[in-house]
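A.B. asks: task: produce atomic coordinates for the following.
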Amino acid sequence: MGDALYKADIGKIVSVASAPVSLVIATSIFLHMLTSRYEAIYDRLRDLTDEYRKGAKDDQRRTSLREQISLYARRIRVTQAASRWLSIAVISFLVTVAASAFNIVYPSSFAIRLTGMFTLAFGIFLLTLSVVFELYEDHLTQTTLRTELSEFPEIPND
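C.D. replies: Now for the predicted structure:
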């Protein structure tokens, strides 16, 4: 082990690890965006439930509030799921970085190469899954907008 580590080229290690590190950074930025969106959705849900608890002025508003509360709750669950999968993807990409570095030090280790390939593929799968969840949440945003605007028939809703 000491001899392999002594002969390891740090430049090669950094070079090989840079692509997975880029994935870690990009995925972390996406995760931050989802977290910000989650906080905004949650704040809006709290406002809606507060208004509903205090009693809306008319039946149309109460109906709209119920629909919106349901949609916002669904949006929160979808965003939570996307964030969960994205967090696991970050961990997976970090393992890929470590496997890439260890593969330079121990190039004949099939287990290290297999670990790196698996965690890279798994991380990309989870990243893709998170994007799909985010697209679904965006669809729910459009539904929320239509629900909110339904109270104002004089405003075009297209």
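A.B. asks: show me the shaky parts of this structure.
C.D. replies: 1-17, 157-158 (pLDDT under 70).
A.B. asks: quick check, W85 in contact with F133.
C.D. replies: Yes. Contact criterion C-beta atoms under 8 Å: W85 and F133 qualify, at 7.1 Å. All C-beta spots, glycine's among them, are computed from the backbone N, C-alpha and C.
A.B. asks: name the residues contacting each of those two.
C.D. replies: The contact sets of W85 and F133 do not overlap (C-beta atoms under 8 Å, 6 or more residues apart in numbering).
A.B. asks: biggest helix in the protein by residues?
C.D. replies: Looking across the chain with DSSP state H, the single longest helix is helix 59-105.
A.B. asks: just give me how far that one sits from the chain centre.
C.D. replies: Computed by C-alpha atoms, centre = their mean, to the nearest Å, the chain-centroid distance of helix 59-105 equals 4 Å.
A.B. asks: how far does the helix or strand following it sit from its chain's centre?
C.D. replies: Sequence-wise, the next helix or strand downstream of helix 59-105 (DSSP states H and E) is helix 110-149. Offset of helix 110-149 from its chain centre (C-alpha atoms, centre = their mean): 6 Å.
A.B. asks: now helix 110-149: buried residues?
C.D. replies: Within helix 110-149, the residues scored as buried using 16 or more other C-beta atoms under 10 Å are 112-113, 115-116, 119-120, 122-124, 126-127, 129-130, 133-134, 136-137, 140, 144, 147.
A.B. asks: what helices or strands is it leaning on?
C.D. replies: Here helix 110-149 touches helix 10-54, helix 59-105, going by 3 or more C-beta pairs under 8 Å, 6 or more residues apart in numbering; DSSP states H and E.
A.B. asks: can I get the ones you listed in CSV with mean neighbour count and distance to E151?
C.D. replies: CSV is the format used below for these (neighbours: other C-beta atoms under 10 Å; distance: least, C-beta to C-beta, whole Å):
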stretch, mean neighbour count, distance to E151
helix 10-54, 15, 13
helix 59-105, 19, 5
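A.B. asks: out of those helices, flag the one nearest P153.
C.D. replies: In this view, the helices and strands packed on helix 110-149 are compared for proximity to P153 by C-beta to C-beta, and helix 59-105 is the closest at 10.5 Å.
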